[in-house]
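**Student:** need coordinates for the following:
(one chain, ligands or ions: 2)
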Amino acid sequence: MQPLLDQHGRAATDLRVSLTDRCNLRCTYCMPAEGLDWLPTDEQLSDAEVVRLIGIAVRDLGVREVRFTGGEPLVRRGLVDIVTGVRALDPDVEMSITTNALGLARTAGALAAAGLNRVNVSLDTVRRDTFNEITRRDRFDDVVEGLGAAVEAGLGPVKVNAVLLRGVNDDQAPELLAWCVERGYQLRFIEQMPLDAQHGWDRTSMVTADEIFASLATRFTLTPASEPRGSAPAELFLVDGGPATVGVIASVTRPFCGDCDRVRLTADGQVRNCLFARSESDLRVAMRAGASDADIAERWRAAMWGKAAGHGIDDPTFLQPDRPMSAIGG
Ligand code: SAM
Ligand code: SF4
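**Tutor:** Ligands and ions are numbered 1, 2, ... in the order given. Alright, predicted model coming up:
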């Protein structure tokens, strides 16, 4: 095994796999109302191709954690088969999905039985009208049902990811936290990043981690959780002395690039060494041209070696990547 090293001393062990760029919600900070030009089917990796690439990552490249994302991973038909295939390759690799939870109530049991360990559910508000405004769909009840089903199926501890938008839900952080604490979900706020297809992100209007702390402090006492952050992006705090915690992922105002252990694979088989990378390495074409596992592993290592030291969002020369978040895999 030779790990995925870069020139800045980091090793990537956490693989994010996008299974589709399609989605059944239209979160305003992620996608335009009309959707996007989806990837052509023949450019998408098949289930067997996805499992083969994950196998190479786990066996030959030192990947220890696999997270399925998208787009919406639950709309990928072969999801349960992919999870089954990866679990057959390795009994110990940690496997999770990041999902909007629509339809999770139907599939949580099958996913757990196939060997999935955990789910992260994205939920930005617990008010139905705000949910409809952000996601442009009236599906709040499905998310709540999906969260409950995940716990019942043993896919916990369930984490909830939330993005705050100025003038929309930025006044709702304490009520979202109270709701999650009551139900045993671990809430993490994520600063909004310049990855939306519409290029609507604005540094001056994004809600910062400091504002999130100030808002939570109006209702809760937060104390730093004792464990060091390590390569985990969330700064963790005990809520009112614990045991409940809340996390804040300050990707923009307190970047954690120096500790990053992520690598990404898109639904069309491109390796991205960073969310904000401006270039990709094509494993799909190599694989379909007959490359061996060893050739693919070598291409993958070369792709990671060139990973930039940081995302440079605050740099005047910063350019948003061509692919939006939904096509990279968040
Ligand atoms: N559809 C799934 C979901 O929403 O969980 C998986 C894909 S989604 C792109 C993954 C995560 O990225 C979600 O938690 C979402 O809130 C977050 N996200 C999307 N656009 C973002 C942005 N511009 N800045 C920060 N987070 C974003
Ligand atoms: Fe879909 Fe997730 Fe993007 Fe919302 S954040 S539109 S659920 S991919």
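
**Student:** separation between whichever residue of the stretch 201-330 of the chain sits closest to ligand 2 and R203?
**Tutor:** Taking C-beta to the nearest ligand atom as the measure, the point where the stretch 201-330 of the chain comes nearest ligand 2 is S326, at 4.4 Å. Yep, even glycine has a C-beta here, placed from its N, CA and C like the rest. Separation of S326 from R203 (C-beta to C-beta, to the nearest Å) stands at 21 Å.

**Student:** the more surrounded of those two?
**Tutor:** Counted by other C-beta atoms under 10 Å, S326 and R203 do not tie: S326 has more neighbours, with 27 against 13.

**Student:** run the contact check for the strand or helix carrying that one versus ligand 1.
**Tutor:** S326 is part of helix 325-328 when elements are defined by DSSP states H and E. Yes - in this structure, helix 325-328 sits against ligand 1 according to C-beta under 6 Å from any ligand atom; the contacting residues are 325-326.

**Student:** which other residues reach that helix?
**Tutor:** 18, 21, 23, 30-31, 36, 39, 70-71, 193, 195-197, 264, 266-267, 272, 275, 321 (C-beta atoms under 8 Å, 6 or more residues apart in numbering).

**Student:** now do stretch 198-212
**Tutor:** With C-beta under 8 Å, 6+ apart as the contact definition, stretch 198-212 has outside contacts at 28-29, 31-32, 164-166, 170, 173, 189, 191-195, 235, 248, 250, 252-254, 313-314, 320.

**Student:** if we go to 6 Å?
**Tutor:** Counting contacts by C-beta atoms under 6 Å, 6 or more residues apart in numbering, the residues outside stretch 198-212 that touch it are 32, 164, 166, 170, 173, 189, 192, 194, 248, 250, 253.

**Student:** pLDDT at the nearest residue to D268 once chain neighbours are set aside, what is it?
**Tutor:** The shortest distance from D268 to any residue that is not its chain neighbour, by C-beta to C-beta, 6 or more residues apart in numbering, is 4.5 Å, and that residue is E43. Per-residue confidence (pLDDT) for E43: 97.

**Student:** look up how far ligand 2 lies from E43.
**Tutor:** When distance is defined by C-beta to the nearest ligand atom, to the nearest Å, E43 is 19 Å away from ligand 2.

**Student:** next, that residue: phi, psi?
**Tutor:** When quoted as degrees, to the nearest 10, the phi and psi of E43 stand at phi -90, psi -10.

**Student:** circling back to that earlier point, pLDDT score for the residue of the stretch 201-330 of the chain closest to ligand 2?
**Tutor:** For S326, the model assigns a pLDDT of 89.

**Student:** likewise R87?
**Tutor:** For R87, the pLDDT comes out at 98.

**Student:** repeat that for R229.
**Tutor:** On pLDDT, R229 comes in at 64.

**Student:** could you show me where the helices are in the stretch 101-250 of the chain, in order?
**Tutor:** Assigned helices in the stretch 101-250 of the chain, in chain order: 104-114, 128-135, 140-152, 173-183, 209-217 (criterion: DSSP state H, counting those that start in this stretch).

**Student:** ok, how many other residues are close to the residue nearest to D268?
**Tutor:** The number of residues packed around E43, counting by other C-beta under 10 Å, is 14.

**Student:** test my guess that it contacts Q270.
**Tutor:** No - between E43 and Q270 there is no contact, the gap being 9.9 Å when judged by C-beta atoms under 6 Å.

**Student:** who does V160 form a beta bridge with?
**Tutor:** According to DSSP bridges, the partner residues bridging V160 are V121, L187.

**Student:** and it, how far from ligand 1?
**Tutor:** V160 is 9 Å from ligand 1, where distance means C-beta to the nearest ligand atom.

**Student:** for that residue, give me its contacts.
**Tutor:** Per C-beta under 6 Å, 6+ apart, neighbours of V160: 121, 123, 180, 185, 187.

**Student:** could you dump the helices of the stretch 101-250 of the chain to JSON lines with mean pLDDT?
**Tutor:** Output for those, formatted as JSON lines (pLDDT from 0 to 100):
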{"stretch": "helix 104-114", "mean pLDDT": "98"}
{"stretch": "helix 128-135", "mean pLDDT": "98"}
{"stretch": "helix 140-152", "mean pLDDT": "98"}
{"stretch": "helix 173-183", "mean pLDDT": "98"}
{"stretch": "helix 209-217", "mean pLDDT": "96"}
